[in-house]
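S.K.: Compute the structure for the input listed below.
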Amino acid sequence: METRTPVQAPAKEMIWTVDSSHSEIGFTAKHMLITTVRGRFTRYDATIDFNPKSPETTKVEAHIEAASIDTREPKRDEHLRSADFFDAEQYPQITFRSKNLQRLADDRWKLTGDLTIRGISKEITLDMEGFTEEIKDPWGNFRVGGTATASLNRFDYGLKWNAAIETGGLIVGEKIQIKLDLSLVRKA
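M.R.: Numbers count the residues shown, from 1 in each chain. Down below sits the predicted model:
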């Protein structure tokens with residue numbers, strides 16, 4: 001009689017979505033070289049296709065409404081929505097599509113993908129850390145949380161408006177820091 005080794009079924013992908021009521025897509029920029037201005041986007045969605053047996057095959061796709069920018073200053077927000085910056089009327093969506101996920105340590109990853117702003121796509125790498133163990137919430141869904149950070153030059157995406165200040169330097173810094181605080185949900 002022949003002995004057969006059981007074939008182990010591959011782990012299924014797990015589709016996660018961002019819980020935007022418990023997450024934030026934030027950024028900072030220097031203002032006149034002396035202070036940091038903080039902002040965020042309030043309308044976005046993302047889907048993460050994750051297989052725990054082969055995390056390197058993870059796929060992430062995110063969409064952010066450019067017009068949802070919020071810096072707590074309405075006049076500045078209107079300027080940021082204009083053609084000087086995001087041109088939200090012509091380019092309503094900012095998108096991210098992943099290409100590669102690399103594990104650095106147990107709770108640290110690098111996620112590389114294409115970020116598209118104003119129709120310009122550039123590769124960006126997000127440093128991810130602290131994704132929690134999966135928990136089950138009171139409604140039967142599964143959740144994880146973590147953070148991701150990146151830095152970019154806004155000029156690379158056509159966000160070039162600026163003005164010189166009398167003492168030298170520019171009103172808005174070129175370098176933008178991005179920080180994502182994410183709560184991800186998977187249906188049971």
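
S.K.: Hmm, Trp139 and Lys187 touching each other?
M.R.: No. Applying Cβ atoms under 8 Å as the test, Lys187 and Trp139 come out as separate, 9.8 Å apart. Placement of C-beta: from N, CA and C, glycine included.

S.K.: element containing the closest residue to Arg154 other than its chain neighbours, please.
M.R.: In space, and not counting its chain neighbours, Arg154 is closest to Ile176: 5.2 Å by Cβ to Cβ, 6 or more residues apart in numbering. According to DSSP states H and E, Ile176 maps onto strand 172-186.

S.K.: That strand packs against which elements?
M.R.: strand 14-18, strand 24-31, strand 142-153 (3 or more Cβ pairs under 8 Å, 6 or more residues apart in numbering; DSSP states H and E).

S.K.: Rebuild those as CSV, extending it with mean pLDDT and mean neighbour count.
M.R.: Converted to CSV, those look like this (pLDDT from 0 to 100; neighbours: other Cβ atoms under 10 Å):
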stretch, mean pLDDT, mean neighbour count
strand 14-18, 90, 17
strand 24-31, 89, 17
strand 142-153, 93, 16
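
S.K.: returning to that earlier point: for the strand holding Ile176, buried residues please.
M.R.: For strand 172-186, burial by neighbour count (16 or more other Cβ atoms under 10 Å) applies to 172-173, 176-180, 182-186.

S.K.: Closest to Lys30 out of those?
M.R.: Gly173 (3.2 Å; Cβ to Cβ).

S.K.: Any idea what the closest residue to that closest one other than its chain neighbours is bridged to?
M.R.: Leaving out its chain neighbours, the residue that sits closest to Gly173 by Cβ to Cβ, 6+ apart is Lys30, at 3.2 Å. Bridge pairing for Lys30 (DSSP bridges) gives the partners Thr36.

S.K.: Repeat that for Lys136.
M.R.: According to DSSP bridges, beta-bridge pairing links Lys136 with Phe142.

S.K.: quick one: contacts for Thr36?
M.R.: For Thr36, the contact set (Cβ atoms under 8 Å, 6 or more residues apart in numbering) comprises 28-30.

S.K.: likewise Glu129?
M.R.: 107-109, 146-148.

S.K.: Tyr44 is in contact with Thr17, isn't it?
M.R.: No. Using Cβ under 8 Å, Tyr44 is not in contact with Thr17, being 10.9 Å away.
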